[in-house]
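Chemist: What would the 3D arrangement of this be:
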Amino acid sequence: MIRAARSRHASLLSADELAALHAAGLRILERVGLELSLAPARLDALCDLGLRREGSRLRFPSALVEEACARAPRGYRLCGQEPALDLDLGGERCYLGLDGSATEILDLDSGAPRPSTRADLAAALRIADGLPQIALTWPCVSAGDAPPAQQPLHELEALLTLSRKHAQAMTVVAPEHARAAVAMAALVAGGREALRARPILSSFQCSTSPLAYEGSALEAALVFAEAGVPCGFWSMTIGGGTAPVTVAGNAALVHAEVLAGITILQLLCPGAPTFYGTSATMMELRRGGVCCGGPEDLWLASAGAELAHRAHVPAAIGTFASGAKASGWQAGVENALSGAASLLAGAELWPGAGLLASARIFSLEQLLLDAELFDYLRAFAEGPGVDEERLALEAIEAVGPRGHFLGEAHTLRHMRSVWQPRLLDRTPWDDWLAAGRPEAADRARDEVRRLLAAPAPDPPRFAAELHALVEEEARRLQP
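Modeler: Alright, predicted model coming up:
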């Protein structure tokens with residue numbers, strides 16, 4: 001079963017601030033527009049539908065953007081390979097997922113980063129499939145030992161065969177790969193109509209900030225949409241680099257880029273399920289790198305989720321993915337605050353579990369720690385439940401002054417509702433010393449080894465047929 005968190009809406013933005021950000025995004029689209037490297041026939045079709053063209057740049061009338069966004073469904077279902085693993089978007093639940101696609105993994109034995117492989121992706125998916133906190137899978141590490149032209153297919157094959165949970169394709173960014181991905185998902189789902197009815201796969205395409213989309217990415221989005229596979233749009237701006245250094249300017253640029261993708265999709269495939277994705281962050285101004293985890297990221301996450309809902313589509317907000325290099329105090333602080341921001345903003349999808357070093361490195365230990373942190377936030381979000389039974393007035397009267405509640409029937413009825421950690425430490429000081437002062441990351445590492453030492457599950461019934469399809473598509477895609 002999947003553990004979802006109940007969203008607790010507590011807007012950090014005032015109504016006026018949210019309206020100003022939305023208006024700024026629309027103004028950018030109307031006055032500046034986006035550069036789109038689409039085929040002339042596709043550009044002509046979009047102009048016939050209301051966009052304005054100057055060369056390869058398209059400008060988006062604000063009223064047309066609003067009308068297009070209104071066509072997208074506010075909620076829909078992302079399906080697992082069995083109904084118990086389905087995810088309902090647009091409601092009151094938040095779901096944690098893997099993120100990607102890190103090019104390195106922390107070696108379990110040496111603790112040093114190294115290039116990731118297909119075997120590393122398989123290990124991560126084995127663990128993620130057994131964690132109830134992980135609701136959907138991504139290619140969280142690159143299958144770096146696969147030929148580049150075939151890598152997206154091998155990664156998707158791993159998602160579909162090593163986990164029963166909903167798969168979200170991150171690296172399928174070209175129409176030829178999208179067609180192959182649809183064929184693969186249809187094989188697993190039981191046919192193309194079965195896939196349309198129960199989409200076990202979703203996808204998204206990223207803008208090229210600032211204010212551009214690759215034509216191949218948009219064509220891939222249309223392949224998915226025409227097959228009934230949900231396809232979102234994602235902006236990964238870097239404040240001070242590919243976006244303004246101010247949070248408001250950064251958020252406005254994100255809004256423009258994502259709304260542009262949604263508008264194009266809804267003009268060409270009205271009613272196609274989509275979502276609003278962002279993992280906007282800031283430049284590290286001393287060295288010019290990326291510094292995920294700062295306070296600006298919390299505001300950008302909150303703004304992204306609220307602007308998504310202002311556009312009436314689900315929000316996918318990059319969550320966790322600390323800038324820390326190790327699973328220590330910094331990672332805990334940054335990820336706890338990141339998760340709280342996504343929770344309070346009501347973001348439906350939280351990709352990010354397991355990432356360190358600003359999403360460059362994946363860690364199996366961090367995956368378990370992030371799952372525990374999500375569970376902590378989930379328990380917090382459920383709330384105290386203030387009703388007659390949980391107010392415990394009869395028990396308080398029965399115990400009276402100087403008594404205790406250890407043997408009370410009320411305690412026995414409710415004691416299992418108290419959240420219990422698996423990795424955080426609550427043992428007495430002397431017991432902790434005797435155990436060698438273990439930290440949460442040490443316990444997570446031991447748990448990873450235990451999980452990977454367990455017998456691997458039998459491959460699914462479709463595994464051989466799917467692999468044959470991947471091999472066939474890989475031969476076709478060879479340069």
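Chemist: For the closest residue in space to Ala149 that isn't next to it in sequence, give me its contacts.
Modeler: Ranked by CB to CB, 6 or more residues apart in numbering and with sequence neighbours excluded, the top spatial neighbour of Ala149 is Leu477, at 5.1 Å. The C-beta positions use only the backbone N, C-alpha and C, and glycine is treated the same way. Each residue near Leu477 by CB atoms under 8 Å, 6 or more residues apart in numbering is listed here: Ala149, Gln150, Leu153, Glu176, His177, Ala180.
Chemist: quick one: Leu477 from Gly289, how far?
Modeler: 33 Å (CB to CB, to the nearest Å).
Chemist: From Tyr276, how far off is Ser302?
Modeler: 13 Å.
Chemist: These two: who's more crowded?
Modeler: Tyr276 (33 against 23; other CB atoms under 10 Å).
Chemist: Would you agree that one is in contact with Ala308?
Modeler: Yes: under the criterion of CB atoms under 8 Å, Tyr276 makes contact with Ala308 at 3.4 Å.
Chemist: Give the residues shared as contacts by those two.
Modeler: With CB under 8 Å, 6+ apart as the test, Tyr276 and Ala308 both reach Val258, Pro314, Ala315.
Chemist: now, which of those residues lie within helices?
Modeler: The helices, defined by DSSP state H, take in Val258 from those.
Chemist: any idea which of the shared contacts of Tyr276 and Ala308 is closest to Ala167?
Modeler: Taking CB to CB as the measure, Pro314 is the one of those closest to Ala167, at 16.9 Å.
Chemist: Can you check the pLDDT for that closest one?
Modeler: As predicted, Pro314 sits at a pLDDT of 97.
Chemist: which residues touch it?
Modeler: Arg74, Gly75, Tyr76, Leu89, Gly90, Phe275, Tyr276, Ala308, Glu348, Leu349.
Chemist: In which helix or strand does the nearest residue to Leu337 once chain neighbours are set aside reside?
Modeler: Nearest in space to Leu337, with sequence neighbours left out and distances taken as CB to CB, 6+ apart, is Leu298 at 6.0 Å. Secondary structure from DSSP states H and E places Leu298 in helix 295-310.
Chemist: for that helix, packing partners?
Modeler: The contact analysis (3 or more CB pairs under 8 Å, 6 or more residues apart in numbering; DSSP states H and E) places helix 295-310 against helix 15-27, helix 247-268, strand 276-278, strand 281-284, strand 315-317, helix 329-345.
Chemist: right, and Glu54 touches Glu35 too?
Modeler: No: using CB under 8 Å, Glu54 is not in contact with Glu35; the gap is 10.3 Å.
Chemist: More neighbours: which of the two?
Modeler: Glu35 (15 against 8).
Chemist: quick check, that one in a helix?
Modeler: No: the assignment for Glu35 (DSSP: H, G, I helix; E, B strand; the rest coil) gives strand, which keeps it out of a helix.
Chemist: That one and Met283, how far apart?
Modeler: Counting by CB to CB, the gap from Glu35 to Met283 is 22 Å.
Chemist: contacting residues for the residue lying closest to Leu38 once chain neighbours are set aside?
Modeler: Once flanking residues are discounted, Leu38 sits nearest to Gly215: 4.3 Å by CB to CB, 6+ apart. Going by CB under 8 Å, 6+ apart, Gly215 touches Leu36, Ser37, Leu38, Ala39, Arg42.
Chemist: one step back: pLDDT wise, what is the residue nearest to Leu337 at?
Modeler: 96.
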